[in-house]
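K.L.:
Quick one, structure for this:
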Amino acid sequence: MLLKGGFLGVTLFLVVSGFFITRSLMNAVDGHRFLLFDYLRRRVKRLWPAVISTIGLTAVLVYACAPPLILKMRGDAVPSALFYSNWSFIFRKLSYFDAAGLPSPLTHLWYTSLIMQFYLLWPLLFIPLFLHCRRHWVRVGVLGALIAAGTLEMMMLYRPEADTSRLYYGLDTRAAEILVGVLLAMLVHDSASRSDQERRAADGRIVFDRQIGRYHAVLRRGDLGVVAAGICALALALGFLLVDARAAWMYHGGFLFFAVVSAVLLYASMQDARVGRILGVKALRYLGSRSFSLYLVHYPLLEVMNPATRTTGIPWYEWIGQFLVILMAGEAFYQIVEALTGTPWLPWMRCRITSVGAGRLRTSAWILTIVGVVMTFVMALPLDWRAIAHARSVKARPELALTAEQARERLAQQQKRESETSKENGKEHKDSSGKPNAQAKPKVAPPVVKALKVPANLEPQRWACDRKAMVCQAKVLMIGDSVTEGVSDTLREHFPNATIDGAVSRQFDQGVQILRDDLARGMDPQVIVFALGTNGPVSEQMAQQVIDLAGGRPLYFATTRAPVDWVPGNNATFIGMAERNPNVGIIDWSGTSQGRDDYLYDDGIHPNQLGMQAYLQMFLNAFCA
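P.N.:
Okay, the predicted model is just below:
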């Protein structure tokens, strides 16, 4: 993940949205032009065509390039189109941060749902507060109280052991960030002299006449505006790079802190000419004008370009390539859907000829809007979408259609080719005398158990093994999650004396308790295999509990593979504990599946038939010489 704190971009968007919508409403009120129906029409016109077009284009994209995502997005199409997807995610308990495997390509539209909900509700407060209340301190007090209430609610609802998606998605808990922008707009508006009107400088900056009130004077003192902008920009940059969305302090005022930082940066850019020039460079103005389109296209494209089955890292040049693809797609989306008739091609250009019907949606936007409506309707139909997605997936990945026997044969062929390649490389190698190694008498090594690390006290002679029949009689107790559950039938067939206990979404600490209960009931396995770590972070203290419960028995930790950020750390923890404890070994599923995308189902977690056979071979190697 290039930007660990990329989610803070939403906070910036919320502040900017709150500022500009309120500023627009205040200007309309000052000019006696405020009409509620016109306000609502403009908001829908601004968001709905872009959102519905995103749904339609994403449906076509995933059907063509990533068919498994169809099953994820079909349940989100209607909620996204009707602007309630954030609450849909909350009620369906769909996590934003822990969405392993195949998250919906429409997940990011929770933001457009939240902002539209605010747009619809905001007039209910704006009309009494700004049209019928002229006291400045009352406005500040009401907005301040609402900001404090939203932040306090987030603090009270936060639970360290619980998923934070409810707090992240909810309008009630995120409204404080929007209201920071609203408060800024109100302060700027109210502090300016009523007799002084805003005017726009030739370079496009918003400036105010000299008599603008005490709030504006603060950042005009010396270089305070530049310093404040620099500090805020640095804070945001560090936040984007370093902040973890699961950090407790983010839910105890952290989101509010970054909202205030964003507001100060926005204010400084308006009030200090030097800051305005820095933030007004063409590249930043371009990205700013396309930011909404880039937001809409980036998430589906990243999911398609980075499938969950990817088992290798992304090189730097591929990151650059993906960035360019997103940039080009965002520009195309902007020109086709978002830009109104008469909009210049670049933000610093001016239209020399006023287009007929300027300010209206382009014909292409209407066409894609219709496509989006049709695709949303189609996605809502009660078709056998699982069969449709599977048929498309099999065309792209034929290994998904293999039976167990076919997978076993293919794996044997792959291993044979790899062995032959290894032998060919060995023949070409020469020893230090310049003569081929083949001239030296080969030393025949006795058969050994193979694993990334074998427990020092593992005694494979204690159980019978038939490598030809692929049967091992070891008394194994294996505790795992849905990966273990998926391979359990295959393992039981070849490990008849094994007790294999796997369950969907099982956490590591739950597995520890299960192991404790099994041993307390008198179970006495010859070897323990602990295959948990996919569903959450694992600390050394948690791993040590398993080692202590093993009581000196041979213990294997199985490394895991899943497209979530805690898995590499968990695997490193297991390996580190094995190095410090002689009776602990490592069965390395992460290493076995490295570079083998064909071993996994489309969620990037569970082995398919080919992967199950590789998993079985890995286990046989770890128990049988």
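K.L.:
Spit out the contact partners of V512.
P.N.:
542, 545-546, 549 (CB atoms under 8 Å, 6 or more residues apart in numbering). Yep, even glycine has a C-beta here, placed from its N, CA and C like the rest.
K.L.:
those helices in the stretch 201-350 of the chain, which residues are they?
P.N.:
Using DSSP state H, counting those that start in this stretch, the helices of the stretch 201-350 of the chain run over 214-218, 224-242, 254-271, 273-279, 282-289, 291-305, 316-333.
K.L.:
closest one to P67 among those helices?
P.N.:
Among these, the nearest to P67 by CB to CB is helix 291-305 (10.7 Å).
K.L.:
for that closest one, packing partners?
P.N.:
Helix 291-305 sits against helix 8-30, helix 36-65, helix 316-333, with contacts defined as 3 or more CB pairs under 8 Å, 6 or more residues apart in numbering; DSSP states H and E.
K.L.:
For the contacts of V512, pick the one with the most neighbours.
P.N.:
Tallying neighbours with other CB atoms under 10 Å puts V546 at the head of these, with 23 neighbours.
K.L.:
circling back: using JSON lines, lay out the helices and strands packed on helix 291-305 together with mean neighbour count.
P.N.:
Shown next, in JSON lines, are the helices and strands packed on helix 291-305 (neighbours: other CB atoms under 10 Å):
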{"stretch": "helix 8-30", "mean neighbour count": "20"}
{"stretch": "helix 36-65", "mean neighbour count": "18"}
{"stretch": "helix 316-333", "mean neighbour count": "14"}
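K.L.:
Can you say which of these is nearest to L143?
P.N.:
Of all those, it is helix 8-30 that lies closest to L143, at 9.8 Å by CB to CB.
K.L.:
quick revisit: show only the entries of the contacts of V512 found in helices.
P.N.:
The helices, defined by DSSP state H, take in 542, 545-546, 549 from the contacts of V512.
K.L.:
Dump those residues to CSV, plus pLDDT and distance to L383.
P.N.:
What follows is those, written out as CSV (pLDDT from 0 to 100; distance: CB to CB, whole Å):
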residue, pLDDT, distance to L383
M542, 96, 44
Q545, 97, 48
V546, 97, 46
L549, 97, 49
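K.L.:
Save the residues you listed as JSON lines, and put in distance to S590 too.
P.N.:
Shown next, in JSON lines, are those (distance: CB to CB, whole Å):
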{"residue": "M542", "distance to S590": "18"}
{"residue": "Q545", "distance to S590": "22"}
{"residue": "V546", "distance to S590": "18"}
{"residue": "L549", "distance to S590": "24"}
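K.L.:
Tell me the one among these nearest to Y169.
P.N.:
The shortest approach to Y169 among the ones in helices among the contacts of V512 belongs to M542, at 29.0 Å (CB to CB).
K.L.:
dump the residue contacts of that closest one.
P.N.:
Contacts of M542 (CB under 8 Å, 6+ apart): 508-509, 512.
K.L.:
Would you quantify the distance from it to T164?
P.N.:
Per CB to CB, to the nearest Å, M542 is found 21 Å from T164.
K.L.:
so A329 makes contact with Y295?
P.N.:
No - using CB atoms under 8 Å, A329 is not in contact with Y295, being 11.7 Å away.
K.L.:
Local confidence estimate at the most centrally placed residue in the chain?
P.N.:
Centre of the chain computed as the mean C-alpha position; nearest residue by CA atoms, centre = their mean is F97, 6.0 Å away. On pLDDT, F97 comes in at 78.
K.L.:
Kindly report the same for L241.
P.N.:
With respect to pLDDT, L241 scores 92.
K.L.:
Pull up the gap between G150 and L184, please.
P.N.:
For G150 relative to L184 (CB to CB), the value is 16 Å.
K.L.:
residues in contact with V78?
P.N.:
Taking CB under 8 Å, 6+ apart, we find V78 in contact with 376, 379-380.
K.L.:
Pull out the buried residues from those.
P.N.:
376, 379 (16 or more other CB atoms under 10 Å).
K.L.:
among the contacts of V78, which are in helices?
P.N.:
376, 379.
K.L.:
now the helices of the stretch 201-350 of the chain as TSV including distance to S364?
P.N.:
Formatted as TSV, the helices of the stretch 201-350 of the chain follow (distance: least, CB to CB, whole Å):
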stretch	distance to S364
helix 214-218	42
helix 224-242	33
helix 254-271	32
helix 273-279	31
helix 282-289	18
helix 291-305	13
helix 316-333	10
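K.L.:
tell me the most buried of the ones you listed?
P.N.:
Greatest average neighbour count among the helices of the stretch 201-350 of the chain goes to helix 254-271 (a mean of 23), per mean count of other CB atoms under 10 Å.
K.L.:
List the contacts of it.
P.N.:
8, 11-12, 14-16, 19, 147, 151, 154, 174, 176-177, 180-181, 183-184, 188, 205-208, 216, 219-220, 225-226, 228-229, 232-233, 235-236, 239, 243, 247, 275-276, 279-280.
K.L.:
same thing but at 7 Å, please
P.N.:
Outside helix 254-271, the residues within contact range by CB atoms under 7 Å, 6 or more residues apart in numbering are 8, 11-12, 15-16, 19, 151, 176-177, 180-181, 184, 206, 216, 219-220, 225, 228-229, 232-233, 235-236, 239, 247, 275-276, 279.
K.L.:
Show the average pLDDT along it.
P.N.:
Mean pLDDT, helix 254-271: 91.
K.L.:
picking that back up, what is the nearest of the contacts of V78 to P537?
P.N.:
Lowest distance from P537 to the contacts of V78 (CB to CB) belongs to M379, with 34.9 Å.
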